[in-house]
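>>> quick one: sequence plus predicted model below, questions after.
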Amino acid sequence: MATTNKNQNTAKWEYSPALESTKVTIESKSKLFIGGKFVSPKSRSWFATVNPATEAKLADVACAGKADVEAAVKAAKTALPKWSRLSGTERAKYLYRVARRIQERAREFAILETIDGGKPIKESRDIDIPLAAQHFFYYAGWADKLAYAFPGSTPAPVGVCAQIIPWNFPLLMAAWKLAPALACGNTCILKPAETTSLTALRLGEVFQEVGLPEGVVNILTGEGDTGRLLAQHNAVNKVAFTGSTEVGKLLMRETAGTGKKLTLELGGKSANILFADAAIDQAVEGIVAGIYFNQGHVCCAGSRLFVEEPILEEVIYKLKQRLGTLRVGDPLDKNTDLGAINSRSQLKVVEGYIRSGVKEGAQLHQLTTKRLPSKGFWCNPCFFTDVQPSHTIAREEIFGPVLSVMTFRTPEEAISRANNSPYGLAAGVWTDKGAKIFEVAKKLDAGIVWCNTYNKFDASSPFGGFKESGFGREGGMHGLRPYVRLGGV
Amino acid sequence: MRKPIDTVMVEQRATSFTRRSIKTESKQQGLRLALSMIDLTTLEGKDSPEKVRSLCHKAITPWECEIEPPLPSVAAVCVYPSLVQVAKRALEGSGVSVASVATGFPSGQYPIAVRLNDVVEAVKSGADEIDMVINRGAFLSGCTEEVADEIAQVRVACGKSHLKIILETGELETLENVRIASDLAIRAAASTGPINDGEVFIKTSTGKVSPAATMPVTLVMLEAIRDYYEETGVRIGMKPAGGIKTAKQALHYLVMVKETLGDDWLTPNLFRFGASSLTNDVLRQIRKQQTGSYAATYDFSEA
């Protein structure tokens, strides 16, 4: 009786499209950034980069060949003496300027990241670009304090660094690699992933704008071969790679015995352990953030979920409910939660794993999205129950929005199952008991352990793995170590 | 029954609702929906019959204008018991409900007999809805049985009037307390008889204590409502009150309700805003959508 309001709203309330409408211009034929200038590739070879949400071609990207690699390494080597002798305070000034310029051009970077890589604008705007700027700010702060980071020794730069980065967080990974290297006085050649070159090239413009000395950073777009040539080059002193374990092993072979320093940040099959005494609603939130963030294209994605048996049913139920609220679609729509899969080849990989999961007997629960665009690379987020630890989907890195749910009965079982993996990048522990958190966390073979949260990143926090997830740390004070040689006082 | 609540992730989830971008059609529709959910409130010692009458007029017709489709009325007018009769007369036949705070609002620190009598009088004067306060003193000292018992008694005293149970979350402080109090209030109300959709609400605040409604607190309460619905099929209503002043905030709350409880709850029958200044900001935004320019604050009547 109380509410017979005269004109109640009866139509269902839906979100209207909210497209990011700012236009960003993209050069139709891109160049290489060598010695502070954009130059045409001597290889005279280009390849197309497409928008994974529409399959429309965005630009022809230069494919650097042997002569281009030669030129870039030479430029970096030439720039090294002056740059490395510059005082830390002076180097910091450049890094601060880069950070501020990224902030100023944040919207442009975010849009570009989204149309080139397929990730939702919400994430590139709120996570990728701000964190990239934060990394430059953070390492700018270290540039004149290196002596304090390594007490008792004199840190000297390593030299010319070849940095090969993946396509999942293009600009952010560039920042992770470049900022500490530059702070320590090294010069760099950055090789972005072939499907996501555009923001790295824009970063080249930023380096020009802030007047970074020529050759301190060189950017070589290209395919796998470009990276290999770069890593093999004699004048390169250090190789830093983020990407697949397969390529990581290759690089390790290439650099063995050459005296080159190497850091690898590779794959993962990270475990999220959910105890019955956890805050379950919030844990479900963390599981979702852990696996569906960036379409699951995250090396530390929490792709294996271990649930304590008594709460399995509740967790599955709530996970399904939450899955239902995720919005898959146009990455430029501000309300999109999951965008497009980065490339056709990656989509095939993910679909292959989903098929194998079904074939091997696991039960698939997948969101059904009506009206997905007819073009583009799309994969609805999903999770599997009835997964056996021996299933392919429970062992191999999928790098897509696919979660494997398993159970455990005791903490010991949870720990041994979590550690039963060739990888050791990240893990999550969910419990309301403080003592249990520390007890479990210290027994997990993982470089990063998140407690009652997941996928939190900060420039001041070191990131990196064990076992086949690689070695070396990025971020924090630890992130300086791969970029210095330590001498006596 | 204690349920662990983790503040960090609650806040992260609450923030995610504010990242939804509500534009064009959906903004227009959302604003009207928000308007229809407002409990237009005046709870001051200096309230006069005249002020309540003008508030009632505003409630029925928030804005005198030619607009298509016509604007909805707000859901209810919320006053002290002494002004219920005035409101009841002014709202006669309008469809807008009269809500009255009772049970020794806002502190609830009176003998239970006085509090119950407060409810009986308000109902007798014509209140369609009773906004009660829980006994926070008893709750915080661990006497949850006492709190539950009192809520049950108040619901009985309400008769056919709807009941909104104010937890005063600003005094409960922790999200875990908020969850415990939500579960307790719902179960206590249900203990006296079946609940039809919208007959019982849980409500964040009196508006007299800071902080009043926040998104994390409201989210925890919505989750309690959701879990109760899963268990029993009964839909409990939700009313955040105090601190929601802008149309944008209201839309964020609607997003939170939609994504936590689903579309079924997007009705004044199950969701309300306890607010006063919100009304004019919603009107300003509606007008902006219509004309493309913002109205001045004095373009809309105060009450």
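Looks like it arrived, so ask away. Note that the coordinates shown come from a computational prediction; the quantities given were computed from them, not determined experimentally. Numbers count the residues shown, from 1 in each chain, chains lettered A, B, ... in the order given.
>>> how close does B:K258 get to chain A?
According to CB to the nearest CB, to the nearest Å, B:K258 stands 6 Å off from chain A. For glycine as for every other residue, the C-beta is placed from the backbone atoms N, C-alpha and C.
>>> which residues in the stretch 101-250 of chain B form helices?
Per DSSP state H, counting those that start in this stretch, the stretch 101-250 of chain B carries helices over the ranges B:112-124, B:136-140, B:144-158, B:169-172, B:175-190, B:215-232, B:247-260.
>>> can I get those helices in CSV including distance to A:W142 and mean pLDDT?
Shown next, in CSV, are the helices of the stretch 101-250 of chain B (distance: least, CB to CB, whole Å; pLDDT from 0 to 100):
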stretch, distance to A:W142, mean pLDDT
helix B:112-124, 62, 97
helix B:136-140, 48, 96
helix B:144-158, 53, 98
helix B:169-172, 43, 97
helix B:175-190, 37, 98
helix B:215-232, 35, 97
helix B:247-260, 38, 98
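>>> among those, which is nearest A:S416?
Minimum separation from A:S416 across those (CB to CB) falls at helix B:175-190, 31.9 Å.
>>> neighbouring contacts of that closest one?
Defining contact as CB atoms under 8 Å, 6 or more residues apart in numbering or on different chains, one finds that helix B:175-190 is touched by B:1-5, B:7, B:10, B:134, B:139-140, B:144, B:147-149, B:151-152, B:155, B:163, B:165, B:167, B:169, B:172, B:195, B:200, B:202, B:216-217, B:220-221, B:223-225, B:228, B:232, B:234, B:236.
>>> which helices and strands does the helix or strand containing A:T199 pack with?
Per DSSP states H and E: A:T199 is located in helix A:198-209. Applying 3 or more CB pairs under 8 Å, 6 or more residues apart in numbering or on different chains; DSSP states H and E, we find helix A:198-209 packed against strand A:32-34, strand A:57-62, helix A:88-104, helix A:106-117, helix A:170-183, strand A:217-219.
>>> which of these sits most buried?
Of the helices and strands packed on helix A:198-209, the one with the most neighbours on average (mean count of other CB atoms under 10 Å in any protein chain shown) is strand A:217-219, at a mean of 30.
>>> which strands and helices sit next to it?
Using 3+ CB pairs under 8 Å, 6+ apart, strand A:217-219 is in contact with strand A:32-34, helix A:66-85, strand A:187-191, helix A:198-209.
>>> now those in a markdown table, with mean pLDDT?
Compiled in a markdown table, those are given as follows (pLDDT from 0 to 100):
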| stretch | mean pLDDT |
| --- | --- |
| strand A:32-34 | 98 |
| helix A:66-85 | 98 |
| strand A:187-191 | 98 |
| helix A:198-209 | 98 |
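>>> what's the closest of the ones you listed to A:I164?
Comparison of the helices and strands packed on strand A:217-219 against A:I164 by CB to CB identifies strand A:187-191 as nearest, at 4.6 Å.
>>> now what about the closest one, what contacts it?
Contacts of strand A:187-191 (CB under 8 Å, 6+ apart): A:64, A:69, A:72-73, A:76-77, A:79-80, A:83-84, A:159-165, A:174, A:177-178, A:181-182, A:200, A:215-222, A:226-227, A:230, A:236.
>>> so B:K239 makes contact with B:N269?
No. Counting by CB atoms under 8 Å, no contact exists between B:K239 and B:N269, whose distance comes to 11.8 Å.
>>> which neighbours do the two share?
In contact with both B:K239 and B:N269: no residue, using CB under 8 Å, 6+ apart.
>>> okay, the two: which has more neighbours?
Counted by other CB atoms under 10 Å in any protein chain shown, B:K239 and B:N269 do not tie: B:K239 has more neighbours, with 29 against 22.
>>> what's the separation between that one and chain A?
Distance of B:K239 to chain A, given as CB to the nearest CB: 12 Å.
>>> list the contacts for that residue?
Listed by CB under 8 Å, 6+ apart, the contact partners of B:K239 are B:D39, B:K164, B:F201, B:I202, B:K203, B:T204, B:F271, B:R272, B:F273, B:G274.
>>> thinking again about what came up before, mind checking which of the contacts of helix B:175-190 are buried?
B:3-5, B:10, B:134, B:139, B:144, B:147-149, B:151-152, B:155, B:163, B:165, B:167, B:169, B:172, B:195, B:200, B:202, B:216-217, B:220-221, B:223-225, B:228, B:234, B:236 (16 or more other CB atoms under 10 Å in any protein chain shown).
>>> show me what from the stretch 1-150 of chain B comes close to chain A.
Contacts of the stretch 1-150 of chain B with chain A, taken as CB under 8 Å from any CB of the partner chain, map to B:3-6, B:8-10, B:12-13, B:19-27, B:29-30, B:32-33, B:36, B:69-70, B:72-73, B:75-76, B:94-97, B:128-129.
>>> residue closest to the middle of the chain?
Picked chain A for this. A:F169 (4.0 Å; CA atoms, centre = their mean).
>>> my question was about chain B, not that one.
Note on chain B: the residue nearest the mean C-alpha position is B:K239, at 2.9 Å, using CA atoms, centre = their mean.
>>> any idea how far A:V24 is from that one?
In this view, B:K239 and A:V24 are 44 Å apart by CB to CB, to the nearest Å.
>>> now swap in A:G211 and tell me
On the measure of CB to CB, A:G211 and A:V24 end up 24 Å apart.
>>> those two: which is more packed in?
Legend: neighbour count by other CB under 10 Å for A:G211 and A:V24, higher for A:V24 (16 against 11).
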